[in-house]
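[1] A predicted structure for the sequence below; I have some questions about it.
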Amino acid sequence: MTESAVPPAIGATTRATDAVRRMITSGALAPGSHVIESRLAAELGLSRSPLREALRVLEQEGLLSSVPNHGVTVTELSAQDIYEIYTLRRTLEEMAVRIGVPVTVPDRLDRLDRAFAQMLENAHRGDDDAAAEDSHRFHLALVGLAGHGRLEHAYRSLALQLTMHLNRRARAANETLVERAERHRVIVDLVRAGDAEGVVTELADGASVTLVRRLGRPSVLSPEAERWYAQVPG
């Protein structure tokens, strides 16, 4: 099916999904906030039908939660959730890098370059709203270096959930958009040099690890999570 032949309803649902996802990952819709369909549809200029389908997609991605008699809310992760997602995300990134670096398929490196270029452009424009989306696109391209479809699929949902919490409000006090982009340049240079272990070391991002201490609502932690948080700097 050609792009022009895509049914209008499918296009509307995709646009609605992208719009609401960006509101969540940027922090415009904060974790724990209620999603009121009528208000959101009016704000985005959408009809209720594609918006409702979009909310189902985002629920499958883990960004929204639906509770009977309580409606739909933006997923609020607990400290235990943050520990599990962050550590699994790191493991998947490291696996992807060790499979995919040195890069043997030029298109995969091109994808990473494009993601970094977009991040840098938005950073210099001061586009705060694009920051979370830029980060997600970059790290997805990094995982894509492995050419491992199932690995990338598993990573995508986890990364979205964590991106939702590592949004511009959480990062604002730690680094500017340009500083963040330049930190990602180091990763691109290491990938181009074929230095997989260097990339893995750089991914052990002290700023992000420290930041997670302040994220997630209080919860009962597993012994493993307790030990992990105790070792987090800051």
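    Thanks, I have the structure now.

[2] List the neighbours of the single longest helix found in the chain that are in contact with it.
    Longest among the helix segments of the chain by residue count, using DSSP state H, is helix 79-100. Defining contact as CB atoms under 8 Å, 6 or more residues apart in numbering, one finds that helix 79-100 is touched by 77, 108, 139, 142-148, 151-152, 154-155, 158-159, 161-162, 165, 191, 196, 199-200, 203-204, 209, 212, 215-222, 224-225, 228-229. From N, CA and C alone the C-beta is placed, and that goes for glycine too.

[3] Recalculate using a threshold of 6 Å.
    Applying CB atoms under 6 Å, 6 or more residues apart in numbering, the set of residues contacting helix 79-100 from outside is 143, 145-146, 151, 155, 158, 161-162, 196, 199-200, 203, 212, 215-216, 219, 221, 225, 228.

[4] Give me the buried subset of the residues you listed.
    143, 145-146, 151, 155, 158, 161-162, 196, 199-200, 203, 212, 215-216, 225, 228 (16 or more other CB atoms under 10 Å).

[5] ok so, going back, looking at the contacts of helix 79-100, which are in helices?
    Val143, Leu151, Tyr155, Leu158, Gln161, Leu162, Ala196, Val199, Val200, Leu203, Ala225, Trp228.

[6] And those residues, which two are furthest apart?
    Farthest pair in the ones in helices among the contacts of helix 79-100 (CB to CB) is Ala196 and Ala225. Separation: 28.2 Å.

[7] so for stretch 224-234, what's the average pLDDT?
    Stretch 224-234 comes out with an average pLDDT of 83.

[8] Would you mind listing the buried residues in it?
    Counting neighbours by 16+ other CB under 10 Å, stretch 224-234 gives Ala225, Trp228 as buried.

[9] ok, now stretch 29-46?
    Result for stretch 29-46 [16+ other CB under 10 Å]: buried residues Leu29, Pro31, Val35, Leu40, Ala41, Leu44, Leu46.

[10] so how many other residues sit close to the spatially closest residue to the third one that is not a sequence neighbour?
    Computed as CB to CB, 6 or more residues apart in numbering, the closest residue to Val35 that is not its neighbour in sequence is Val72, at 4.4 Å. If you count neighbours by other CB atoms under 10 Å, Val72 ends up with 20.

[11] How is the protein divided into domains?
    Domain segmentation of the chain under automatic domain parsing yields 3-74, 79-231.

[12] Next, the distance between the ends of the last one.
    Criterion CA to CA, to the nearest Å; first-to-last residue distance in domain 79-231 is 15 Å.

[13] Tell me which of the domains of the chain sits most buried.
    domain 79-231 (a mean of 17; mean count of other CB atoms under 10 Å).
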